[in-house]
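A.B. asks: Sequence plus the predicted model coming up.
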Amino acid sequence: MTTIAPPVTGKASTTTKRRITNGFWGVVAWVAGIIFVFPVIWMILTSLKQARDVTTNPPVWFFTPTWDHYQKVFDTNITPFLLNSLMASVFSTLLVVVLATPAAFALSLRPVKKWTDVLFFFISTKMLPVVAAVLPIYLLAVQIGMKDNIWTMVILYTAMNLPLAVWMMRSFLLEVPREVLEAGEVDGAGLVTSIRRIILPMVAPGLAATALICFIFSWNEFFLAVNLTDTNASTAPIFLLGFISGRGPFLADLSAAAVLLSLPVLVAGWVAQNKLVRGLSMGAVK
Amino acid sequence: MTDVIPRADEKTDTPPPKTPAPAKGGAKERWVRRAPLLPALIFAIIVTQVPFLITLYFSTLSWNALRPGSKKFVGFDNYVTVLTDNRLRSALFNTVVLTAGAVIFSMILGLALAVLLDRKFLGRSIVRTMLITPFLIMPVAAALLWKHGLYNPDYGLINGIFGGNTAWATTYPKTAIIATLVWQWTPFMMLILLAGLQSQSNEVLEAARVDGAGAWRIFTQMTLPHLRQYLELGALLGSIYLVNTFDSIYTITQGGPGTATTNLPYEISQTIFSKYEYGEASAAGVVVVILTIIVATFALRVISGLFKVEEGR
């Protein structure tokens, strides 16, 4: 830490002083940001290194980049894993949105009786540890021949994200101004029209953010995937485990695969970052 | 996809409407209101509640899948085993240490970063994007990256920069797991606390400044009390997610060395999928649920507190 500029008096110098302090904390923030993101940068660097530069100590910082490791990842059997992850994430997200949006509507704009109880029921299912439910699910899946089946994962991921989506969609629906809805009613818009013409366009950005967050959680899910899939329905996180081998430059291939598989979520998260906090806090924080 | 960013609340200068009064009307009207809710509700009950009830039933059976015909009712025997067994007690202890460690440290770091990000400076949105990146990296990828890229004694980055040949993941297993979790969860805490900081009224802060209150005093006497419910929310939601930590333990230490990092989710899934002790695992699962309910009760209280604030606006 360096010392802050010595205190100066006088009006003109107050702004200068303030500018210097702001600049100083800005630099601190930049340093913190770079430290935090550094492991990721290291992963990207590793994935671009020549095989001989990967496991050196001290680490090599300057090297001729190569795409070999990415090539190698694509040469492995990556497609089924990607397809499985894509299917599980996309279909569960669609199902979540289809189930959660009407439910959120019935808990906000046209609420049922005891809507608070229902809301808290949803959130309590999110708090139930999966590990306490995995055995019956596993045994049932084995019995009806649905183990190692991507549709089992779709159903489970839907249940996993449903409470989050209900709460999040509810908080977006509540932002539709009363007056607009009432004006619509005065103009003779029926329920269906007002949903289609007024409500849906207004909550569309919220709907998109909700979908992105559900997508992120499904894409990254590991516990259920590792315990309920074997060969047919394995998803992207399981694919990564296959890269671990005893020694040597496997690290570069692993990094390349990790970068590739993290990319969809990174993009989704960056796009949705303004709404991320609302999703993570179930809509409690805006 | 950039059209996600313009926020819906730009136009809502008017306070968000209160939830309209619940339905009164006749039976038909009530069912019309209920109809959109039912599919989601029924789905949630079937997929999340029914398996748990079955677990409750399994927990009263002496049942090892490797011993055919062993499935018989034994009442609370499994619970006695679970609560007196050393493995589970140490798993419980590890769960508490790992969860508390990760929550506390990510909270402190998250608070510091949120305060930094609350100021205006050049490239603030870039720094924010960098800071949330660890949370978005696939958890298994993050765990593998830390294990092989950072902790490895021979070619890991930590020894590469600071020298030495410490095998971080085996010498300090708990710290290694906590550090990885803190890296991943600090962004989460930061985002929640940043939202709290930004909900603070600027006029009040400015007034305090004019009255000559120093930055530190404003922070401890005004900002921290204001942040209290956000801190609570972050801690409780963080605990609820982190109690279920599985990915990083499975990948970095496999619960070891010995049972140094075996937490309850890892222990229970081992009991199910490697030892096939179904009855015992179910009883342990029920115990975890009871513990979660205790934490969750507090969490729900905090959330419904924020919820009331929101409704009252």
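C.D. replies: Looks like it came in fine. Numbering: from 1, shown residues only, chains lettered A, B, ... in the order given.
A.B. asks: What's the local residue count around the residue lying closest to residue A:261 once chain neighbours are set aside?
C.D. replies: With C-beta to C-beta, 6 or more residues apart in numbering or on different chains as the criterion, residue A:261 has its nearest non-adjacent residue at 4.6 Å, and that residue is residue A:236. The way it works is simple: take the backbone N, C-alpha and C, and place the C-beta from them, glycine included. By the criterion of other C-beta atoms under 10 Å in any protein chain shown, residue A:236 has 30 neighbours.
A.B. asks: What's the separation between residue B:131 and residue A:286?
C.D. replies: Here residue B:131 is placed at a distance of 19 Å from residue A:286 (C-beta to C-beta, to the nearest Å).
A.B. asks: pLDDT value on residue 165, please?
C.D. replies: No chain in the question, so chain A it is. Per-residue pLDDT puts residue A:165 at 91.
A.B. asks: Actually, chain B is the one I wanted.
C.D. replies: 83.
A.B. asks: Let me know the helix or strand that it is in.
C.D. replies: Using DSSP states H and E, residue B:165 maps to neither a helix nor a strand.
A.B. asks: Now do the contacts for it.
C.D. replies: By C-beta atoms under 8 Å, 6 or more residues apart in numbering or on different chains, residue B:165 lies in contact with B:153-154, B:159.
A.B. asks: In the stretch 151-300 of chain B, what residue comes closest to chain A?
C.D. replies: residue B:285 (3.5 Å; C-beta to the nearest C-beta).
A.B. asks: can I assume that residue is in contact with residue B:268?
C.D. replies: Yes - Residue B:285 lies in contact with residue B:268 (C-beta atoms under 8 Å); the separation is 5.8 Å.
A.B. asks: Is chain B within reach of the helix or strand where residue A:73 lies?
C.D. replies: Assigned by DSSP H and E, residue A:73 falls within helix A:68-75. No - judged by C-beta under 8 Å from any C-beta of the partner chain, helix A:68-75 and chain B are separated, with a smallest distance of 12.5 Å.
A.B. asks: Grab the CA positions of that helix and hand them over as CSV.
C.D. replies: Provided in CSV are the C-alpha atoms of helix A:68-75 (Å, rounded to 0.1, in the frame of the first residue of the first chain):
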residue,chain,number,x,y,z
ASP,A,68,-3.2,-28.0,-30.5
HIS,A,69,-4.9,-28.6,-27.2
TYR,A,70,-8.2,-27.2,-28.4
GLN,A,71,-7.8,-29.4,-31.5
LYS,A,72,-7.2,-32.3,-29.3
VAL,A,73,-10.4,-31.6,-27.2
PHE,A,74,-12.4,-31.6,-30.4
ASP,A,75,-10.8,-34.8,-31.5
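A.B. asks: ok, then the element right after it?
C.D. replies: Under the assignment DSSP H and E, the closest C-terminal helix or strand after helix A:68-75 is helix A:78-105.
A.B. asks: Which neighbouring elements make contact with that next one?
C.D. replies: Counting contacts by 3 or more C-beta pairs under 8 Å, 6 or more residues apart in numbering or on different chains; DSSP states H and E, helix A:78-105 is packed against helix A:150-173, helix A:200-220, helix A:236-241, helix B:38-44.
A.B. asks: For the helix holding residue A:73, enumerate the helices and strands it packs against.
C.D. replies: helix A:250-271.
A.B. asks: Go again with 10 Å.
C.D. replies: Helix A:68-75 sits against helix A:11-47, helix A:51-54, helix A:250-271, with contacts defined as 3 or more C-beta pairs under 10 Å, 6 or more residues apart in numbering or on different chains; DSSP states H and E.
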